[in-house]
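J.: Everything below, folded, please.
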Amino acid sequence: MKWIKIWVKETLYGTTFQELGPAERGIWFSLLLIAASKKREGIVEVRTGEAYPLEILAFEVNCNKKTLEQAIEKLIKVGKIKRLEWGGLEICNWNKYQSAYLRRITKGKEKEVYDDQEKSSI
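T.: Residues are numbered from 1 along each chain as shown. Model (predicted):
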């Protein structure tokens with residue numbers, strides 16, 4: 001995946017801006033980008049099944065360790081991410097952040113579903 005979709009009005013006036021402060025939003029968007037760049041999309045991990053050490057992840061998102069720890073806890077609390085038992089982070093509702101269209105299997109045949117047909121708040 002090369003990009004993620006972000007619904008402008010739903011993000012600006014929805015829960016993302018209501019629940020998260022500026023630094024937390026920056027970390028949230030950074031985690032989305034990292035999760036999109038990995039082999040297993042939607043999972044924040046160094047490589048399959050290996051969690052980022054907190055210091056390295058803080059470096060990746062360009063913040064200090066304490067700010068990152070606090071943001072992760074807040075993101076878990078508001079239901080945007082969950083911590084996997086091995087320490088990785090999973091983006092909840094990952095399919096909301098997918099690109100231009102999604103392939104769906106409908107009664108045994110493929111159907112293209114375009115963004116405007118699957119609009120949802122992030």
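J.: hang on, Lys80 packs against Trp94?
T.: No: here Lys80 does not reach Trp94: they are 10.8 Å apart, not a contact under CB atoms under 8 Å. Glycine gets a C-beta too; all of them are placed from N, C-alpha and C.
J.: Counting neighbours, go ahead and name the busier of the two.
T.: Set Lys80 next to Trp94 and count neighbours by other CB atoms under 10 Å: Lys80 wins out with 22 against 16.
J.: In this protein, where is pLDDT below threshold?
T.: 1-2, 97, 99-122 (pLDDT under 70).
J.: and the residue nearest the centre of the chain, how far is that from Asn93?
T.: The C-alpha lying nearest the average C-alpha coordinate of the chain belongs to Leu32 (CA atoms, centre = their mean; 3.3 Å). With the distance defined as CB to CB, to the nearest Å, Leu32 ends up 11 Å from Asn93.
J.: do Glu45 as well
T.: To Asn93, Glu45 is 18 Å away according to CB to CB.
J.: do Gly87 as well
T.: 21 Å.
J.: buried set for the helix ranked longest in the chain?
T.: Looking across the chain with DSSP state H, the single longest helix is helix 22-37. Buried residues in helix 22-37, counting neighbours by 16 or more other CB atoms under 10 Å, are found at 23-24, 26-32, 34-36.
J.: can I get those residues in TSV with distance to Gly49?
T.: TSV is the format used below for those (distance: CB to CB, whole Å):
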residue	distance to Gly49
Ala23	29
Glu24	27
Gly26	27
Ile27	23
Trp28	23
Phe29	25
Ser30	21
Leu31	18
Leu32	20
Ile34	16
Ala35	15
Ala36	18
